[in-house]
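A.B. asks: Just the structure for this:
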Amino acid sequence: MFWYFVKLLILLPLVGGMAFGALWLWRKYQPGMMAGQDGRSLKLLEALPMGTFGKLAVVEFEGKKILLSVTRGRIEKIAEGDPFRAR
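C.D. replies: Presented below is the predicted three-dimensional model:
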């Protein structure tokens, strides 16, 4: 009976940590966000979470990069740039 509790004390945090890690990775990389965008005219290049409900996103449309602010109720264009311009 003692070994049962020892295993439980070791494996329970391990399984909990693996579940937390899997959910964190899913939220960070959001499946389908980056893959399969070869033939599209609109491409999501990068997204950065800002707070609880907001994100900054860089999309490419017709050869231009556009910086967007995305929240629950609104999407706003912040800036537009030429990707081939020297930096």
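A.B. asks: Bridged to M50, which residues?
C.D. replies: Judged by DSSP bridges, the bridge partners of M50 are G54.
A.B. asks: ok, the closest residue to F61 other than its chain neighbours - how many residues close by?
C.D. replies: Leaving aside its sequence neighbours, F61 sits nearest to L42 (Cβ to Cβ, 6 or more residues apart in numbering; 5.1 Å). From N, CA and C alone the C-beta is placed, and that goes for glycine too. Residue crowding around L42 was assessed by other Cβ atoms under 10 Å; the count is 10.
A.B. asks: cool, A57 as well?
C.D. replies: 17.
A.B. asks: quick one: contacts for it?
C.D. replies: L44, E46, A47, L48, L67, L68, V70 (Cβ atoms under 8 Å, 6 or more residues apart in numbering).
A.B. asks: where along the chain do the helices fall?
C.D. replies: Ranges of helices within the chain are 2-29, based on DSSP state H.
A.B. asks: returning to what we had before: redo the contacts of A57 as JSON lines? Include neighbour count.
C.D. replies: Formatted as JSON lines, those follow (neighbours: other Cβ atoms under 10 Å):
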{"residue": "L44", "neighbour count": "15"}
{"residue": "E46", "neighbour count": "12"}
{"residue": "A47", "neighbour count": "18"}
{"residue": "L48", "neighbour count": "9"}
{"residue": "L67", "neighbour count": "15"}
{"residue": "L68", "neighbour count": "17"}
{"residue": "V70", "neighbour count": "15"}
